[in-house]
Each structure stands twice: as structure tokens, then as C-alpha cells.
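> Model the structure of this input:
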Amino acid sequence: MAAKRVGEEPSFILHRYNWSESSLILEVFTRHRGRVALVAKGAKKHTSNFRPVLLALQPLNVTYTLSGDGNADIHVLKGAEWAGGHIMPMGNNLLTGMYLNELLMRLLARDDPYTYLFDVYGAVVKLLATQQGEVIEPVLRAFELILLRELGLLPSLHEETLTLQPLQPDASYVLVPEMGLRPALEVDRAALTGLQWTQLMHALDQSDGAYPAAVRACAAVASALKPQLRHLLQYHCGSPLLRTRQLMMDLQTL
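Prediction:
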């Protein structure tokens, strides 16, 4: 029986590692099939057509055959073409892109599709290739919120998690692992008002444009939101510390 073939699947490579002297294993985020593992046979050879194409943070269309009955852990890459659109992010934006890839590697189960998350990821990667500076911060916070929301890891942002009491618009609240949203204490340096959390929740609930709405909502609160989301994401990623986060912190101390 002929192997089932998946053709021209929109994809991004999240990670790659050696499989043999000439081949690679690719962790790929696909639009319709989620995160999949593919073996690229002969990809390390100088004559391979795969060599210049199999790059992270680049939109690709991949074709592969499903191993066994389709439930195998690793499938066989048959073709890959650059889908065009933008160049490779550089500098700090390249590190940021690697951070996004590590998040997806740590949090996404294989063969679990997230079509909307894929589209948002593609939009963020394109922005990383074309923009610099402060415009990136609200975009990253919006992506982190959408990632947590899509995975079912984000608590409701319009009520206290433990008491289920509605947020008071002028009161301050913080988002913490295990406890969700709780009233801010004097020691909490990063907090948002109940109104700001509610606005973020409303943005995420926009069925026809959650990503742009979330970016707009994050613009005014990105700095206070950053440490809270990072702690929550690290909690769900588990130990050890995200390698890209450690690298960024090390670079800041140079």
C-alpha cells in the first residue's frame, strides 16, 4: 500500500538536529497538522536541494509521506520550497524569533493543529524581519497571550481566579502561576488595573481579529505585562529555564 502523502503544507521549522552523518531531524510547525517531526534524508550533503531551504523563521511549503499508518513519531520529508515574503530576522529580533520557537517546542504537543496560532506566528515572524524597536514589544505580549489562550493555559482575565469575583476597574491585579489573577500586593512591582485586564480579555474574545486587537490592547501595558507572562510561560514550560531567555539575560550583563 502506498504511503499517504501530505503535499504543499505551509510550515515553519522550529528546530533541527543531526540524525546521521548526512541527514537531519526537523521539528516543524505546520498549519493544518500542528507540530510534526520530519527526517530530511541527505540534507547535510553539499549537493542536497534541501540545504539552502531548511532554515528557521522562514515560511516554507513542505511535502512529506506519513510513516507506517500515519501514527509514527517521525515522517519522511520529500520536498520543501521557500514560500517567500521576507528575509531572515537579524540581531535581537533573531533571538526573539528563537525564543518563540523554543516556546512552541516546549508547549505544543505533536500532531495537534492550531491553525489560528500558526497564522499569528507567521505574522509575528514577518514583523520581526521588517521592524525594530518598541513596536515589537506589544506584538510579543499579544503572541504570548494568544499562545496561552489557544493552549487553554490562560485564566479568565475579567475575574479573580480563586474567588470568581469580578475585577474592580480601578483596583490592581497580578497574574501569577497556580493562582491566576489576584489582587496586587505592595511587593508586586508589575500590575495592571481591572479595567486593563478586562480590555485584554475583550481583545482576545474578538473572533474576527483577536491578534490585532490584542496588539492594540497590549501597547499601553506591555512593560507591566512582560514579567507576568514570562513567569507564567516558564511555569508551564517547566524546568530548566528557557535557553533563549538565559542567553538574553547573559547578553544584557556583558
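
> tell me which element Tyr173 is part of?
Take DSSP states H and E as the rule and Tyr173 turns out to sit in strand 172-176.

> C-alpha coordinates for that strand, PDB please?
Coordinates of the C-alpha atoms in strand 172-176 are reproduced here as PDB (Å, rounded to 0.1, in the frame of the first residue of the first chain):
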ATOM      1  CA  SER A 172      -4.700  46.500  40.700                       C
ATOM      2  CA  TYR A 173      -4.200  42.800  40.000                       C
ATOM      3  CA  VAL A 174      -1.400  40.500  39.000                       C
ATOM      4  CA  LEU A 175      -1.300  37.200  37.000                       C
ATOM      5  CA  VAL A 176       0.800  34.600  38.800                       C
END
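
> need the next SSE after that strand, C-terminal direction.
Scanning the chain past strand 172-176 towards its C-terminal end, the next helix or strand to appear is strand 180-183 (assignment: DSSP H and E).

> Which strands or helices does that next one pack on?
Counting contacts by 3 or more CB pairs under 8 Å, 6 or more residues apart in numbering; DSSP states H and E, strand 180-183 is packed against strand 172-176. To be clear about C-beta, it is placed using only N, CA and C from the backbone, and glycine gets the same treatment.

> And the strand it packs on, what's buried?
Burial within strand 172-176, assessed by neighbour count using 16 or more other CB atoms under 10 Å, is assigned to Ser172, Tyr173, Val174, Leu175.

> One more: stretch 181-200?
Neighbour count says stretch 181-200 has 181, 183-184, 188, 190-194, 196-200 buried, by 16+ other CB under 10 Å.

> Grab the nearest non-local neighbour of Asn92.
Gln132 (7.9 Å; CB to CB, 6 or more residues apart in numbering).

> again, but for Thr161
Gly180 (2.7 Å).

> so that neighbour bridges to which residues?
Gly180 has these beta-bridge partners by DSSP bridges: Val176.

> and it, what is it in contact with?
With CB atoms under 8 Å, 6 or more residues apart in numbering as the criterion, the residues that contact Gly180 are Pro155, Ser156, Glu160, Thr161, Leu162.

> among the residues you listed, which ones are buried?
Neighbour-count burial (16+ other CB under 10 Å) applied to these gives Pro155, Glu160, Thr161.

> Give me the subset of those residues lying in helices.
The members of those all map outside helices under DSSP state H.

> Serialize these to JSON lines and add fields for pLDDT.
Converted to JSON lines, the buried ones among the contacts of Gly180 look like this (pLDDT from 0 to 100):
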{"residue": "Pro155", "pLDDT": "95"}
{"residue": "Glu160", "pLDDT": "96"}
{"residue": "Thr161", "pLDDT": "95"}
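
> could those be laid out in JSON lines, adding distance to Trp19?
Supplementary listing: the buried ones among the contacts of Gly180 in JSON lines, determined by distance: CB to CB, whole Å:
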{"residue": "Pro155", "distance to Trp19": "40"}
{"residue": "Glu160", "distance to Trp19": "49"}
{"residue": "Thr161", "distance to Trp19": "44"}
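
> Specify which member of the residues you listed is nearest to Arg230.
Using CB to CB, Pro155 is the member of these that lies nearest Arg230, at 16.2 Å.
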